[in-house]
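Student: just to be clear, the model below is a prediction. Sequence and coordinates:
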Amino acid sequence: MTIMDVERPVVGPLDRTARVYVAGHRGLVGSAICRLLRAEGFTDVVGWSSRELDLRDRDAVFRRFEEMRPDVVIDAAARVGGIMANSTYPADFLSDNLRMQTNILDAAAAQRVPRLLFLGSSCIYPKFAAQPIREESLLTGALEPTNDAYAIAKIAGILGIQAVRRQYGLAYISAMPTNLYGPGDNFHPQHSHVLPAMMRRFHEAKLGGLPAVTCWGSGTPRREFLHVDDLAAACLHLLETYDSPDTINIGSGTDHTIAQIADMMAETVGYDGDIHWDASKPDGTPRKLLDVSRLKATGWKPEIPLSEGLRETYAWFLDNQDKFRR
Ligand SMILES: NC(=O)C1=CN([C@@H]2O[C@H](COP(=O)(O)OP(=O)(O)OC[C@H]3O[C@@H](n4cnc5c(N)ncnc54)[C@H](OP(=O)(O)O)[C@@H]3O)[C@@H](O)[C@H]2O)C=CC1
Ligand SMILES: C[C@H]1O[C@H](OP(=O)(O)OP(=O)(O)OC[C@H]2O[C@@H](n3cnc4c(=O)[nH]c(N)nc43)[C@H](O)[C@@H]2O)[C@@H](O)[C@@H](O)C1=O
């Protein structure tokens with residue numbers, strides 16, 4: 001089949017009876033996307049856990065695609081972690097993510113699945129990119145060493161999308177979310193991202209009556225955060241409005257220092273002890289505020305303010321402490 005043979009779907013409202021495969025459907029992002037799709041009336045949303053389908057197993061992925069024959073694929077599966085996990089397991093972050101995303105992309109292209117969204121991350125941009133970071137900054141400077149393996153895998157994913165569009169003419173897109181948080185996050189004390197890590201640490205310090213908590217680094221880096229339900233809404237919006245080889249940033253447009261985040265978390269949790277900083281832990285990139293003007297031009301904007309999102313996530317955390325991963 002050549003490019004001319006492929007019927008290019010006109011972007012527009014997705015058929016609510018379409019079979020949507022959400023890879024990583026149990027994760028922070030995947031579960032939010034599934035919540036949204038069901039609320040939007042989608043009746044055929046499918047997904048498998050890593051125990052049911054290891055996406056690193058190419059034959060298993062191709063077999064599953066043959067069986068399910070999806071109309072839309074949203075790739076929200078990856079080996080994901082915070083700064084410590086990324087800097088401790090770079091070989092796993094590179095290998096697992098390259099294999100998962102390549103297997104999904106190859107199986108979808110082989111089947112000419114009409115629509116696919118690949119999720120990268122804001123860590124793909126150079127450590128010292130001009131702020132806010134425009135999509136054109138990609139590959140213009142050295143990466144942040146603590147997550148360069150993960151970043152290279154994600155950059156390969158962006159190029160994979162562009163290559164499939166050129167070779168097969170398929171309307172596949174990629175998007176680069178900023179740091180995310182919300183219900184269903186990973187609260188592992190060492191491997192998680194900063195918001196869930198602080199939420200759990202401050203909560204346990206409050207319960208334990210501890211006089212102080214220690215956070216990582218200097219507290220001076222700046223980070224942008226987007227609630228995962230906003231991310232899910234942006235993903236559906238892009239699937240229905242965006243058809244370009246150019247990747248597109250998804251963010252809130254505002255950032256804070258990690259020290260300000262710690263103060264917000266202490267207030268959210270109700271912890272009034274001292275906050276200390278462990279300078280032996282890495283700060284990572286000094287700032288990664290995304291330029292979201294390309295996304296704004298499509299008519300989308302976030303709706304959940306950080307303070308409200310933190311309160312809602314803490315309520316979820318309190319109700320689900322038995323569920324989140326150790
Ligand atoms: N969290 C964040 O701050 C950000 C995340 N992103 C991107 O969003 C996407 C989702 O991230 P997030 O939801 O936070 O991550 P989570 O760790 O919460 O979820 C990852 C999902 O991937 C699945 N998965 C991992 N390994 C395998 C495997 N070998 N086979 C099958 N499934 C696997 C997991 O399945 P299971 O649960 O069954 O093991 C899980 O559902 C990723 O592409 C990530 O890069 C981008 C920017 C920021
Ligand atoms: C989404 C993005 O997330 C990762 O990048 P990151 O934003 O640097 O990740 P982070 O959330 O783990 O850290 C943000 C900042 O916060 C500080 N910090 C303080 N105290 C804790 C703490 O207790 N835990 C953590 N994790 N960080 C802490 C920490 O020192 C750092 O300065 C990439 O690996 C990659 O996964 C990626 O793309």
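Tutor: Cool, got the structure. Ligands and ions are numbered 1, 2, ... in the order given.
Student: make it CA atoms for all contacts and neighbour counts henceforth
Tutor: Fine.
Student: as a check, name the ranges of all helices in the stretch 1-150 of the chain.
Tutor: 28-39, 58-68, 83-88, 90-110, 148-168 (DSSP state H, counting those that start in this stretch).
Student: in the second one, what counts as buried?
Tutor: Buried residues in helix 58-68, defined by neighbour count with 16 or more other CA atoms under 10 Å: 58, 61, 62, 65.
Student: report the two of those separated the most.
Tutor: Checking those against each other with CA to CA, the farthest-apart pair comes out as 58 and 65, at 10.7 Å.
Student: re earlier: for the helices of the stretch 1-150 of the chain, which one sits closest to residue 177?
Tutor: It is, among these and with distance given as CA to CA, helix 28-39, at 10.3 Å.
Student: how near is the residue nearest to residue 13 when sequence neighbours are not counted to residue 233?
Tutor: Distances taken as CA to CA, 6 or more residues apart in numbering place residue 240 nearest to residue 13, at 5.3 Å, with adjacent residues excluded. Here the distance between residue 240 and residue 233 works out to 11 Å (CA to CA, to the nearest Å).
Student: check contacts around residue 224.
Tutor: 178, 179, 251, 252, 253, 254, 255, 256, 288, 289, 290 (CA atoms under 8 Å, 6 or more residues apart in numbering).
Student: near ligand 2, list only the ones from those.
Tutor: The overlap between the contacts of residue 224 and the neighbours of ligand 2 (CA under 6 Å from any ligand atom) comes to residue 179.
Student: nearest to ligand 2, of the contacts of residue 224?
Tutor: The nearest member of the contacts of residue 224 to ligand 2, counting by CA to the nearest ligand atom, is residue 179 at 4.3 Å.
Student: so what's that closest one bridging to?
Tutor: In this entry, residue 179 is beta-bridged to residue 225, by DSSP bridges.
Student: number of residues surrounding it?
Tutor: Residue 179 sits with 23 neighbouring residues when counted by other CA atoms under 10 Å.
Student: mind checking what secondary structure residue 175 has?
Tutor: Reducing the assignment at residue 175 to three states with DSSP: H, G, I helix; E, B strand; the rest coil gives strand.
Student: related to what we said a few turns ago, now render the contacts of residue 224 as JSON lines, adding secondary structure, pLDDT and distance to ligand 1.
Tutor: Converted to JSON lines, the contacts of residue 224 look like this (DSSP: H, G, I helix; E, B strand; the rest coil; pLDDT from 0 to 100; distance: CA to the nearest ligand atom, whole Å):
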{"residue": "178", "secondary structure": "coil", "pLDDT": "98", "distance to ligand 1": "5"}
{"residue": "179", "secondary structure": "strand", "pLDDT": "98", "distance to ligand 1": "4"}
{"residue": "251", "secondary structure": "coil", "pLDDT": "98", "distance to ligand 1": "10"}
{"residue": "252", "secondary structure": "coil", "pLDDT": "97", "distance to ligand 1": "12"}
{"residue": "253", "secondary structure": "coil", "pLDDT": "96", "distance to ligand 1": "14"}
{"residue": "254", "secondary structure": "coil", "pLDDT": "97", "distance to ligand 1": "15"}
{"residue": "255", "secondary structure": "strand", "pLDDT": "98", "distance to ligand 1": "14"}
{"residue": "256", "secondary structure": "strand", "pLDDT": "98", "distance to ligand 1": "15"}
{"residue": "288", "secondary structure": "coil", "pLDDT": "97", "distance to ligand 1": "11"}
{"residue": "289", "secondary structure": "coil", "pLDDT": "98", "distance to ligand 1": "12"}
{"residue": "290", "secondary structure": "strand", "pLDDT": "98", "distance to ligand 1": "11"}
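Student: out of the contacts of residue 224, which end up buried?
Tutor: Among the contacts of residue 224, those that count as buried by neighbour count (16+ other CA under 10 Å) are 178, 179, 251, 252, 253, 255, 288, 289, 290.
Student: out of those residues, which is nearest to residue 125?
Tutor: Looking across the buried ones among the contacts of residue 224 and measuring by CA to CA, the closest to residue 125 is residue 288, at 8.2 Å.
Student: quick one: contacts for that closest one?
Tutor: Counted by CA under 8 Å, 6+ apart, residue 288 has contacts 122, 123, 131, 132, 133, 222, 223, 224.
Student: does residue 313 count as helix, strand or coil?
Tutor: Taking three-state DSSP as the rule, one finds residue 313 in the helix state.
Student: that one: what's it in contact with?
Tutor: The contact partners of residue 313, taken as CA under 8 Å, 6+ apart, are 181, 182, 183.
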